[in-house]
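A.B. asks: Provided below for reference: sequence and predicted model.
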Amino acid sequence: MSFATLRILDANLNRAREGLRVWEDYVRFVLNHDKWSAELKQMRHALRQAVQRVMRDALHHRNTPGDVGTDNKTPAELSRAGLAEIVTAAGKRVQEALRAIEECLKTIDAVAAREVELIRYQSYDLELRLARTLRPGRFDSVRLYVLVTESLCRRPWLETAELALQGGATCIQLREKELESGELLQRSRLLAALCARYDALCIVNDRPDIALLAGADGVHVGQGDLACAEVRKIVGDHLIVGLSTHSIEQARAAVLDGADYIGVGPVFPSQTKPRDILPGLLYARAAAATVNIPTVAIAGITLDNAAEVLATGVRSLAVSSAVISQPDPRATAAEFMTLISSRASHPPGQLAMANTSVAGAPQASRSDASAGSNRGEKSGLSSSP
């Protein structure tokens, strides 16, 4: 084997190991995903095993001071906009390095080359899984999320939506489960244009196709609707995807499936839509402390109990009747925003975490019912509070 080939192997082994370590740290410290962390550790060890025979020889031919590429940098290499860019760049580095290692090994050890090829294929699958967890954060500024259903509005539905926006709502969801597709698309376009004028987000319930055609900002689905991964095939990364959750297991799965935010609830019984499950405030608190994407509390939230909900640490409040059924939706929305702003300046302390079992997602309900997966239930943000 030539000295040049050994130098190429040494440089790319370093790149591959470094990139895998970045991925592993992201999975371990950000996603808290034990299985993916173990998978990445196994990949690093498999790579070491595949190149063990040539690794020491390659190391002996390292010449960092004489490497003409050490000072050859592009501006993009010297800055990162955030964690998403760090993880993405690390993945590309891993795959490029593995390909270079594989090609060099073909000249001396075909079996080792094949082993590295399999690791490279494994990295492609892992890259896709990690990419689903790297969301752009467009939902981060949402604090008051108002669901609009015409039958619950005292005023015309679009006027009600505008009044809620004037009161400070930062996201409006159109929730009309009974409308035919043509009418739903027309209303979605009207709402999307309205929200754009107020620099707010427009979300369509259940229908990723309608959301995409209408130029909405996103779509919200329930546990019984299309999975996030399937929704992404329709809307790509262009739209926000929200998912209703009722348990910590569902919340964690939503992060891995690529949700931009999760609805957590029901937190209180809803007069609009009674449910058999009620995960309650304890689940809201556990979800807010566990996942690294925005959490939106839903169901039964009023001006009287909003402070109690915000004390759990959830990012946003989702309301429907509490705003759109009121005589003055603008004034009511403004009152909610005052409460939210007040809580933001006095964040919940450590006491809010007391007596919360994050792993088990403690539940509180009318009948102490389970808050398990219940895939057929379309509650959370896909239901009226």
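C.D. replies: Nice, I can see it.
A.B. asks: which ones are touching Thr88?
C.D. replies: Neighbouring residues of Thr88 by CB atoms under 8 Å, 6 or more residues apart in numbering: Ala131, Leu134. Any C-beta I mention is one placed from the backbone N, CA and C, and that applies to glycine too.
A.B. asks: what sits against Val291?
C.D. replies: Ala251, Arg252, Ala254, Val255, Ile262.
A.B. asks: close enough to count as contact, Thr245 and Val264?
C.D. replies: Yes - between Thr245 and Val264 there is a contact under CB atoms under 8 Å: 5.9 Å.
A.B. asks: show me which of those two is the more surrounded one.
C.D. replies: Val264 (37 against 33; other CB atoms under 10 Å).
A.B. asks: okay, and the beta partners of that one?
C.D. replies: Thr245, Ala297 (DSSP bridges).
A.B. asks: quick one: pLDDT of it?
C.D. replies: We have a pLDDT of 97 for Val264.
A.B. asks: pretty sure it contacts Pro279?
C.D. replies: Yes - with contact defined as CB under 8 Å, Val264 reaches Pro279; the gap is 7.3 Å.
A.B. asks: overlap in contacts, the two.
C.D. replies: His246.
A.B. asks: what's the local residue count around His246?
C.D. replies: Using other CB under 10 Å, His246 has 29 other residues around it.
A.B. asks: low-confidence bits of the protein, can you list those?
C.D. replies: Applying pLDDT under 70 to the chain flags residues 1, 56-73, 76-77, 271-275, 344-385.
A.B. asks: sticking with Tyr145, tell me its helix or strand.
C.D. replies: strand 144-148 (DSSP states H and E).
A.B. asks: also Val204?
C.D. replies: strand 201-205.
A.B. asks: between the contacts of Val291, which is nearest Ile119?
C.D. replies: Val255 (25.4 Å; CB to CB).
A.B. asks: show me which residues of the host helix or strand of the closest one are buried.
C.D. replies: Using DSSP H and E, Val255 maps to helix 248-257. Neighbour-count burial for helix 248-257 flags Ile248, Gln250, Ala251, Arg252, Ala253, Ala254, Val255, Leu256, Asp257 (criterion: 16 or more other CB atoms under 10 Å).
A.B. asks: next one: stretch 110-123
C.D. replies: Residues of stretch 110-123 classed as buried by neighbour count (16+ other CB under 10 Å): Ala112, Ala113, Glu115, Val116, Glu117, Ile119, Arg120, Gln122, Ser123.
A.B. asks: redo the residues you listed as a markdown table? Include distance to Leu165 and secondary structure.
C.D. replies: Formatted as a markdown table, those follow (distance: CB to CB, whole Å; DSSP: H, G, I helix; E, B strand; the rest coil):
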| residue | distance to Leu165 | secondary structure |
| --- | --- | --- |
| Ala112 | 61 | helix |
| Ala113 | 60 | helix |
| Glu115 | 58 | helix |
| Val116 | 55 | helix |
| Glu117 | 54 | helix |
| Ile119 | 51 | helix |
| Arg120 | 49 | helix |
| Gln122 | 47 | helix |
| Ser123 | 45 | helix |
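A.B. asks: now for those residues: which two are most distant?
C.D. replies: Farthest pair in these, by CB to CB: Ala112 and Ser123, 16.7 Å.
A.B. asks: helices of the stretch 251-385 of the chain, start to end?
C.D. replies: Along the stretch 251-385 of the chain, counting by DSSP state H, counting those that start in this stretch, helices occupy 280-290, 306-310, 321-324, 329-345.
A.B. asks: which residues sit against the third one?
C.D. replies: For helix 321-324, the surrounding residues in contact (CB under 8 Å, 6+ apart) are 146-149, 152-154, 160, 164, 167, 169, 271-272, 301-303, 329, 332-333, 336, 384-385.
A.B. asks: can you say which of those residues are buried?
C.D. replies: For the contacts of helix 321-324, a burial check counting by 16+ other CB under 10 Å picks out 146-149, 152-153, 160, 164, 167, 169, 272, 301, 329, 332-333, 336, 384-385.
A.B. asks: output stretch 299-318 as PDB - backbone C-alpha positions only.
C.D. replies: Provided in PDB are the C-alpha atoms of stretch 299-318 (Å, rounded to 0.1, in the frame of the first residue of the first chain):
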ATOM      1  CA  ALA A 299     -58.700  21.300  26.300                       C
ATOM      2  CA  GLY A 300     -60.800  23.000  28.800                       C
ATOM      3  CA  ILE A 301     -58.400  26.000  29.200                       C
ATOM      4  CA  THR A 302     -60.000  29.200  30.400                       C
ATOM      5  CA  LEU A 303     -58.800  32.500  31.800                       C
ATOM      6  CA  ASP A 304     -59.500  31.100  35.300                       C
ATOM      7  CA  ASN A 305     -57.100  28.100  34.900                       C
ATOM      8  CA  ALA A 306     -54.600  29.400  32.300                       C
ATOM      9  CA  ALA A 307     -52.000  30.300  35.000                       C
ATOM     10  CA  GLU A 308     -52.200  26.800  36.400                       C
ATOM     11  CA  VAL A 309     -51.500  25.400  33.000                       C
ATOM     12  CA  LEU A 310     -48.600  27.700  32.200                       C
ATOM     13  CA  ALA A 311     -47.100  26.700  35.600                       C
ATOM     14  CA  THR A 312     -46.400  23.300  34.100                       C
ATOM     15  CA  GLY A 313     -43.800  24.800  31.700                       C
ATOM     16  CA  VAL A 314     -45.700  24.200  28.500                       C
ATOM     17  CA  ARG A 315     -44.800  26.700  25.700                       C
ATOM     18  CA  SER A 316     -48.200  27.600  24.500                       C
ATOM     19  CA  LEU A 317     -51.900  27.500  25.200                       C
ATOM     20  CA  ALA A 318     -54.500  26.200  22.700                       C
END
